[in-house]
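Trainee: build me a structure from this.
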Amino acid sequence: MITLPLGSILASTLVLAAASGGPPKVNIEATCRASEIEIKKLFGNDSKVTTSGCLMQENAAWDELVKTWATFTPADRTQCVQPRRYMPSYVEWLTCLETSKDLRRIRAQERSRGAAPKGARKLAQLTIELQIENGLEASRKFGPVTSASTTRGLRSR
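Mentor: Numbering: from 1, shown residues only. I've put the predicted structure just below:
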């Protein structure tokens with residue numbers, strides 16, 4: 001378990017609700033610095049994690065959040081974006097919001113088809129778990145897992 005100095009991050013984090021009703025803006029540099037320090041404590045100086053790399057990922061996630069903010073439900077925004085409760089991270093917020101949206105879509109598809117085919121629920125859960133585990137970049141790079149591609153992959157093993 002990584003313990004980050006959340007008190008100092010939150011103290012230096014300025015949360016401003018965007019005038020347009022967009023996502024809150026936070027001092028993400030403090031989050032990235034704290035993250036690099038804690039990771040180096042755990043894994044030593046050989047770690048490739050850097051503040052600049054973190055900032056690059058966070059800024060890309062911020063841009064995506066701004067573009068897609070209106071597509072997320074107010075309930076999901078409230079659930080996922082809690083800068084005073086968790087370490088503020090645009091990547092984590094975006095991943096949580098996209099996962100919640102995908103889960104809602106999958107459940108709606110299941111309801112519209114009636115009973116879900118055997119294994120579909122587990123497949124949806126696995127897809128979401130993989131997206132969470134591998135983070136934002138994996139879900140963007142490879143897209144969601146589909147039952148057809150998963151079945152082919154399992155048969156070839």
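
Trainee: stretch 37-47: which residues count as buried?
Mentor: Buried residues in stretch 37-47, counted by 16 or more other Cβ atoms under 10 Å: 38-39. Any C-beta I mention is one placed from the backbone N, CA and C, and that applies to glycine too.

Trainee: thought Leu94 was touching Leu65?
Mentor: Yes - the pair Leu94 and Leu65 passes the contact test of Cβ atoms under 8 Å, sitting 5.4 Å apart.

Trainee: neighbour-wise, which of those two wins?
Mentor: Taking neighbours as other Cβ atoms under 10 Å, Leu94 and Leu65 compare with Leu94 leading, 27 against 20.

Trainee: how far away is Lys67 from Ala75?
Mentor: Lys67 sits 20 Å away from Ala75, going by Cβ to Cβ, to the nearest Å.

Trainee: now do the helices in this protein.
Mentor: Assigned by DSSP state H, the chain shows helices spanning 6-12, 28-43, 51-68, 74-80, 90-112, 120-142, 147-155.

Trainee: out of the ones you listed, which gets the lowest mean score?
Mentor: For the helices of the chain, mean pLDDT drops lowest on helix 147-155, to a mean of 37.

Trainee: mind exporting stretch 69-85 as PDB, just the C-alpha atoms?
Mentor: Output of stretch 69-85 as PDB, limited to C-alpha atoms (Å, rounded to 0.1, in the frame of the first residue of the first chain):
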ATOM      1  CA  TRP A  69     -17.200  16.100 -19.200                       C
ATOM      2  CA  ALA A  70     -20.800  16.700 -20.400                       C
ATOM      3  CA  THR A  71     -21.100  13.000 -21.400                       C
ATOM      4  CA  PHE A  72     -20.800  11.800 -17.800                       C
ATOM      5  CA  THR A  73     -23.700  11.700 -15.400                       C
ATOM      6  CA  PRO A  74     -23.700  14.000 -12.400                       C
ATOM      7  CA  ALA A  75     -23.800  10.900 -10.200                       C
ATOM      8  CA  ASP A  76     -20.700   9.500 -11.800                       C
ATOM      9  CA  ARG A  77     -18.900  12.900 -11.500                       C
ATOM     10  CA  THR A  78     -19.800  13.000  -7.800                       C
ATOM     11  CA  GLN A  79     -18.600   9.400  -7.300                       C
ATOM     12  CA  CYS A  80     -15.400   9.600  -9.200                       C
ATOM     13  CA  VAL A  81     -14.200  13.200  -8.800                       C
ATOM     14  CA  GLN A  82     -13.400  13.700  -5.100                       C
ATOM     15  CA  PRO A  83     -10.200  15.800  -4.900                       C
ATOM     16  CA  ARG A  84     -10.400  16.300  -1.200                       C
ATOM     17  CA  ARG A  85     -11.000  12.600  -0.400                       C
END
